[in-house]
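[1] just a sequence and a predicted model for now, questions to come.
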Amino acid sequence: MSSFVISKIEYIKAAGLMYGIEESNKYHHNWFLRNAYDNFVMCYEANEKSVAEQYGEDYTINTFEYKETFEFYRRKGRHLIAKGYRNELKKMMKQFFDSSLYQIENDEMRMKCCAWYWTCMNKFDKFEIDDDVSCWGRINIDNL
């Protein structure tokens, strides 16, 4: 399979969008917010390393942080969710994740990115927690 490195700035755009999407939820997940940027950087680095490994080349990790880009896309993610574009964002991000995973042939690195992307995809299924939660850690299908 032929692979290429997706630009780091594209991973940072994805990080910003996902941060904004999660931030827009009434009950956002703080762990996700604290780790979104770093996990997308990890996936960029996996892409870079895997392609170099595949072709037997040296690689150079782009260390530029693109913080302004991240902030712009964070705000854009919040705005697009507020405007009702959740499904469109979900489709776009799924396509980006699929593209990224296709570029990473190293199984270990691909599985780490896949786990992160699965966590991101779950952010599109909007469930607001009720104040009256009757199931914390228990499965009960008796009323179904």
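    Nice, thanks for sending it over. Numbering: from 1, shown residues only.
[2] rest of the way, CA atoms for contacts and neighbours
    OK.
[3] sketch out the helices for this structure, chain order is fine.
    Using DSSP state H, the helices of the chain run over residues 8-23, 30-55, 67-82, 86-103, 107-122.
[4] and the angle for the fourth one with helix 107-122?
    Translated: helix 86-103. 180 degrees (axes from the mean of the first three to the mean of the last three CA atoms, to 10 degrees).
[5] which other helices and strands contact helix 86-103?
    helix 30-55, helix 107-122 (3 or more CA pairs under 8 Å, 6 or more residues apart in numbering; DSSP states H and E).
[6] for it, output the C-alpha coordinates as PDB.
    Provided in PDB are the C-alpha atoms of helix 86-103 (Å, rounded to 0.1, in the frame of the first residue of the first chain):
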ATOM      1  CA  ARG A  86     -23.300  17.800  13.900                       C
ATOM      2  CA  ASN A  87     -23.900  15.100  11.200                       C
ATOM      3  CA  GLU A  88     -21.900  16.900   8.600                       C
ATOM      4  CA  LEU A  89     -19.000  17.300  11.000                       C
ATOM      5  CA  LYS A  90     -19.300  13.600  12.000                       C
ATOM      6  CA  LYS A  91     -19.000  12.500   8.400                       C
ATOM      7  CA  MET A  92     -16.100  14.800   7.700                       C
ATOM      8  CA  MET A  93     -14.200  13.700  10.800                       C
ATOM      9  CA  LYS A  94     -14.900  10.000  10.000                       C
ATOM     10  CA  GLN A  95     -13.400  10.500   6.500                       C
ATOM     11  CA  PHE A  96     -10.300  12.200   8.000                       C
ATOM     12  CA  PHE A  97      -9.900   9.400  10.600                       C
ATOM     13  CA  ASP A  98     -10.200   6.800   7.800                       C
ATOM     14  CA  SER A  99      -7.600   8.600   5.700                       C
ATOM     15  CA  SER A 100      -5.200   8.900   8.700                       C
ATOM     16  CA  LEU A 101      -5.500   5.300   9.600                       C
ATOM     17  CA  TYR A 102      -4.900   4.200   6.000                       C
ATOM     18  CA  GLN A 103      -1.500   6.000   6.100                       C
END
